[in-house]
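Q: Next input, structure requested:
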Amino acid sequence: MNFQRTIKKPVTLKGIGLHLGKEAAITLKPAGVNQGILFQRVDLADSLPIEANFRNVVNTQMATTLGKGNVTVSTIEHLMAALHGFGIDNVLVEVVGPEVPILDGSSVPFCTALKTAGVQNQSAPRTALAIKRRVEVKLAEKWAVVEPSSRLEVHASIDWDHPSIGFQEFHYVEGKTSFEEISAARTFGFLRDVEALKKMGLILGGSLENAVVLDSALVLNPEGLRYPDEFVRHKALDALGDFKLAGIQIVGSFKLHRAGHDLHRSILAEVFKDPANYEIIETATDAGAEAPAASKIAVAARFAV
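A: Residues are numbered from 1 along each chain as shown. Next comes the predicted model:
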């Protein structure tokens, strides 16, 4: 039987928020069985925990934002991806500020923190959502499809009219693809968009320290790319983080083209719209996953914080 997991001890990360550019901090704490992943703004009086669920997503512009009432927590996707990679089902995330810190723009700092916290099995069995029939969503030139499979798969593709990007694709298969193959992929953006986004109150904390930045032809980061196809790998990383908002491990094959946070939320909503699309199963193993306990996640030393 495969059991639910939480962390062994609290761990804190501090940095700045990508979009507001303000100091931000999170503390991950162990949580009980069936509690799920909860975010709580501890800098606000009487703030209640927000369940990490796609139904609580209130904004998908340049990040995934959860909200309840007037309280929001933004830029959760890289943390959520790391929680997926480590197979964490239950954790309380205490947040100081409106954003999870961007750190280096990837999931590596969160993986490092989870290794420090440790992972422990709990007493309750883990269940999974198995896709039973094809579901698809299209938004203009972007589309997402999920079909039945024996494990979670994410096949991401992008096509940018830029000499450093062009067409790229990456296929993540749990149980075959190491999470390390995507964990260090950083968020990215274009120099031409910076001023317009800042006028919109976005990416105020963005820099070459926490994102890959491109001009009209080249990558501007002095160190270059961490992977030749870092851009599409980051898209796969974002997808894993957003799909964690199903609140349950998914067993299905996703094909995503030019997908972003809006499309990720839309495909989850479409799946849950009709119970005939899925069934809930008890997992005997990690639903095909590469045993995601901390000891099985090797974070490259050159990316460690």
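
Q: how does this protein divide into domains?
A: 3-126, 128-282 (automatic domain parsing).

Q: I'd like those written out as CSV, with mean neighbour count and mean pLDDT added.
A: To be clear about C-beta, it is placed using only N, CA and C from the backbone, and glycine gets the same treatment. Shown next, in CSV, are those (neighbours: other C-beta atoms under 10 Å; pLDDT from 0 to 100):
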stretch, mean neighbour count, mean pLDDT
domain 3-126, 20, 97
domain 128-282, 18, 95
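
Q: Could I get the full set of strands for the stretch 151-300 of the chain?
A: With strands called from DSSP state E, counting those that start in this stretch, the stretch 151-300 of the chain shows them at 153-160, 166-173, 188-190, 212-214, 249-251, 253-257, 278-282.

Q: CSV for the ones you listed, including distance to Val100?
A: Formatted as CSV, the strands of the stretch 151-300 of the chain follow (distance: least, C-beta to C-beta, whole Å):
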stretch, distance to Val100
strand 153-160, 21
strand 166-173, 22
strand 188-190, 18
strand 212-214, 19
strand 249-251, 22
strand 253-257, 23
strand 278-282, 29
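
Q: Looking at the ones you listed, which is nearest to Lys199?
A: Among the strands of the stretch 151-300 of the chain, strand 188-190 comes nearest to Lys199, with 14.6 Å by C-beta to C-beta.

Q: Val73: which element?
A: Element membership for Val73 (DSSP states H and E) is strand 71-74.

Q: just the helices in the stretch 1-150 of the chain please.
A: Secondary structure of the stretch 1-150 of the chain (DSSP state H, counting those that start in this stretch): helices at 77-85, 108-117.

Q: right, so of those, which gets closest to Val271?
A: helix 77-85 (16.7 Å).

Q: The residue nearest the centre of the chain and Phe3, how far apart?
A: The centre of the chain sits closest to Gly241, judged by C-alpha atoms, centre = their mean, with a distance of 2.0 Å. Using C-beta to C-beta, to the nearest Å, Gly241 is found at 23 Å from Phe3.

Q: Lys132 is in contact with Pro148, isn't it?
A: Yes. Under the criterion of C-beta atoms under 8 Å, Lys132 is in contact with Pro148, at a separation of 6.1 Å.

Q: sorry, back to before: next up, the contacts around the residue nearest to the centre of the chain.
A: Thr64, Ile76, Glu77, His78, Leu79, Met80, Ala81, Ala82, His84, Ser107 (C-beta atoms under 8 Å, 6 or more residues apart in numbering).

Q: Excluding chain neighbours, what is closest to Ser74?
A: In space, and not counting its chain neighbours, Ser74 is closest to Thr65: 4.1 Å by C-beta to C-beta, 6 or more residues apart in numbering.

Q: Which residues does the nearest residue to Ile267 once chain neighbours are set aside form beta bridges with?
A: In this structure, Ile267 finds its nearest non-sequential neighbour in Ala144, 4.2 Å apart by C-beta to C-beta, 6+ apart. Counting by DSSP bridges, Ala144 is bridged to Val137, Leu256.

Q: Which residues are in contact with Ala144?
A: So Ala144 contacts Glu136, Val137, Lys138, Phe254, Lys255, Leu256, His257, Ala259, Leu263, His264, Ser266, Ile267 (C-beta under 8 Å, 6+ apart).

Q: If we use 7 Å, what do you get?
A: Glu136, Val137, Phe254, Leu256, Ala259, Leu263, Ile267 (C-beta atoms under 7 Å, 6 or more residues apart in numbering).

Q: and what of Leu18?
A: Taking C-beta under 7 Å, 6+ apart, one finds Ala63, Thr75, Glu99, Ile102, Ile203, Gly205, Gly206, Asn210 in contact with Leu18.

Q: State the distance from His264 to Glu195.
A: His264 sits 28 Å away from Glu195 when distances are taken as C-beta to C-beta.

Q: ugh, typo on my part, it should be Arg265
A: Counting by C-beta to C-beta - Arg265 and Glu195 are separated by 28 Å.
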